[in-house]
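1. here is my input, please return the structure:
(2 chains)
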Number of protein chains: 2
Amino acid sequence: MRTKSFHNILVVGIGLIGGSILRNLSENKFSGHLYGLDLNEDIINKAHKLDLIENSNNNLETVTGDCLVVLSVPTLSFENAISLVKESLAVEKVLFTDTFSSKSEVLLLLDSNPDLKSRFVMSHPIAGSEKSGLVNSTSSLFKNKLAIISPHEFNQQDDLERLQKFWERLGSKVTFLDAQEHDRIFAKTSHLPHALAYALMSYLFNDLEHDVFSFSGGSLEDYTRIASSDSIMWKDIMISNRDELLKALDGFKISLDQMFDLIERGNSDDIKEFLDNIKLSRDSLIKEK
Amino acid sequence: MRTKSFHNILVVGIGLIGGSILRNLSENKFSGHLYGLDLNEDIINKAHKLDLIENSNNNLETVTGDCLVVLSVPTLSFENAISLVKESLAVEKVLFTDTFSSKSEVLLLLDSNPDLKSRFVMSHPIAGSEKSGLVNSTSSLFKNKLAIISPHEFNQQDDLERLQKFWERLGSKVTFLDAQEHDRIFAKTSHLPHALAYALMSYLFNDLEHDVFSFSGGSLEDYTRIASSDSIMWKDIMISNRDELLKALDGFKISLDQMFDLIERGNSDDIKEFLDNIKLSRDSLIKEK
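-> I've put the predicted structure just below:
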């Protein structure tokens, strides 16, 4: 049987991710109806004026037929977003998904609400930018990017497949990954680098003040770009994936101390061997990707 | 009086930087003669075949008239590079410069050789890549990039001006900065980020092994790109700017511990304020650049 596409798609939180989803579907002549909700009604209005959504306010009386609700709000606005939808929409007709960067917290909230849990498939598009908001959204944001679906025990195969098709339609390649595993890995590969960039910028500002970028050829700007990310989104990630992030920071600090000792001892061969091993491993992993 | 350009230019160390200097001068019809030396004679041969230099081996008998010697070898090959030139060239006709990322060590070596010191103007083009070697060199490497000249008490104004013109001809904007100040600042804005990238990659490899980049959307590859830099160059930087780099690492660790505590305490407002301040400072410094 051919996987049935959704009749309606409702994006809750029309920022960079939500806006990009709507732009893509809209540009590619999505056959169903597109709706949007946001805690800020001005944004709904803007999205409506851009012809991205049919509704122009938070009233969704017109929605009939099955609906995919994509929660693309900051992680800790999860409950607010859910209640916004519950007010406007009969939950029975709805499959929910999210775009959060951490999953365990969502899973905890779903555990206290089994009705919602069975209709909720967690996903995480690995796409984004330090630039946030509808104004920076683009239809190509997901093109050739990974989208991770984290199934749980209440999910039905049919729902997983429909969601997979949804992300693939946006251009993503879909991978399935357990929620705890997701949080453990992303704490290291994404949340840790962001924490390092923030800590580095904080140190440099305190120490060099206006000279931080005075003598930089652009590399430092690149390297610290992610420290200009949306503060609400990243505050929520740091809180919702706190334990795994702290573990990652602890692990990194051990590695940094090794690096410190190596430099302090100043043995040429040892340092070169250390740097060579990293370069070799990195280059070969990048190549086999 | 118009600043006199150099009659000959001799690049010692034909890697990314040296090769890019030669390519630029060669493409832009430099009126004088171009020569190159390298500890690896194969590279001299390659550069000769590419028509970048006139000589095809380490024998420089033909060089007459004044000459700028650019030492673009790894920092700790300084003395080797100097002796290579001394064997082939009458030092009296020569103005020396370098392209090293740390200056204090060079200054120490020059202090023990006042004859050389008076003919040596230190410079540092803020241009580069994690890709090294002649094969990756490009004539546009210095375009709109900063080149720093670090004058010392024995330098003559005329030499400083000629060197400034040299870098400007390659497309760089020249800034003057005291050697100690240079090392203090670059320890923080360049050497520290490299050390962090190496430490991060080392941690991630040990912990995630082949999965480091499995779930990355490209950001982690960007963020760790500099950990694929040339290991000899960076080993030399870590050794030659050791004290300033250790200070920078100490300062960063304090900042990282603050970040750790902030996440551990998990106060939403405090974290948001911290991230907001960083974003605001960074965005405004980037804008005023």
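
2. which parts of the stretch 151-289 of chain A are helices?
-> Assigned by DSSP state H, counting those that start in this stretch, the helices in the stretch 151-289 of chain A fall at A:157-169, A:179-186, A:192-208, A:219-224, A:231-240, A:242-265, A:268-288.

3. mean pLDDT lowest where, among those helices?
-> When these are compared by mean pLDDT, helix A:219-224 comes last with a mean of 90.

4. so which of the helices of the stretch 151-289 of chain A comes closest to residue B:61?
-> Minimum separation from residue B:61 across these (C-beta to C-beta) falls at helix A:268-288, 34.5 Å. C-beta here means a position set from N, CA and C on the backbone, and glycine is covered the same way.

5. dump the residue contacts of the residue of the stretch 1-150 of chain A found nearest chain B.
-> Chain B sits closest to residue A:126 of the stretch 1-150 of chain A, with a gap of 3.6 Å, by C-beta to the nearest C-beta. Residues near residue A:126 by C-beta atoms under 8 Å, 6 or more residues apart in numbering or on different chains: A:145, A:146, A:147, A:148, B:215, B:216, B:217.

6. tell me the two of these that are most distant?
-> Farthest apart among the contacts of residue A:126 by C-beta to C-beta are A:147 and B:216. That separation is 13.2 Å.

7. these two: which has the busier surroundings?
-> The residue with more neighbours, out of residue A:147 and residue B:216, is residue A:147; 24 against 21, by other C-beta atoms under 10 Å in any protein chain shown.

8. ok so, going back, for residue B:219, see how far away the residue of the stretch 1-150 of chain A closest to chain B is.
-> Distance of residue A:126 to residue B:219, computed by C-beta to C-beta, to the nearest Å: 8 Å.

9. how about residue A:160?
-> In terms of C-beta to C-beta, residue A:160 sits 26 Å off from residue B:219.

10. list buried residues within the contacts of residue A:126.
-> Among those, those that count as buried by neighbour count (16 or more other C-beta atoms under 10 Å in any protein chain shown) are A:145, A:146, A:147, A:148, B:215, B:216, B:217.

11. name the SS class of residue A:122, please.
-> strand (DSSP: H, G, I helix; E, B strand; the rest coil).

12. for it, give the beta-bridge partners.
-> Counting by DSSP bridges, residue A:122 is bridged to residue A:150.

13. just the pLDDT for it.
-> Looking at residue A:122, its pLDDT is 98.

14. cool, and the one 5 residues further on?
-> We have a pLDDT of 89 for residue A:127.

15. can you pull the contacts of it?
-> A:17, A:20, A:141, A:142, A:145, A:147, A:172, B:217 are the contacts of residue A:127 under C-beta under 8 Å, 6+ apart.

16. go on, residue A:209?
-> For residue A:209, no residue meets the contact criterion (C-beta under 8 Å, 6+ apart).

17. that's a strand at residue A:51, yeah?
-> No: with three-state DSSP as the criterion, residue A:51 is located in coil rather than a strand.

18. before we move on, back to that, among the buried ones among the contacts of residue A:126, find the lowest-pLDDT one for me.
-> Within these, the minimum per-residue pLDDT falls on residue B:217 (75).

19. the more surrounded of residue A:160 and residue B:219?
-> residue B:219 (19 against 16).

20. surely that one touches residue A:223?
-> No: using C-beta atoms under 8 Å as the test, residue B:219 is too far from residue A:223 to be in contact (11.6 Å).

21. and the residue nearest in space to the middle of chain A, what pLDDT?
-> Centroid-nearest residue in chain A: residue A:101, 4.3 Å away (criterion: C-alpha atoms, centre = their mean). For residue A:101, the pLDDT comes out at 93.
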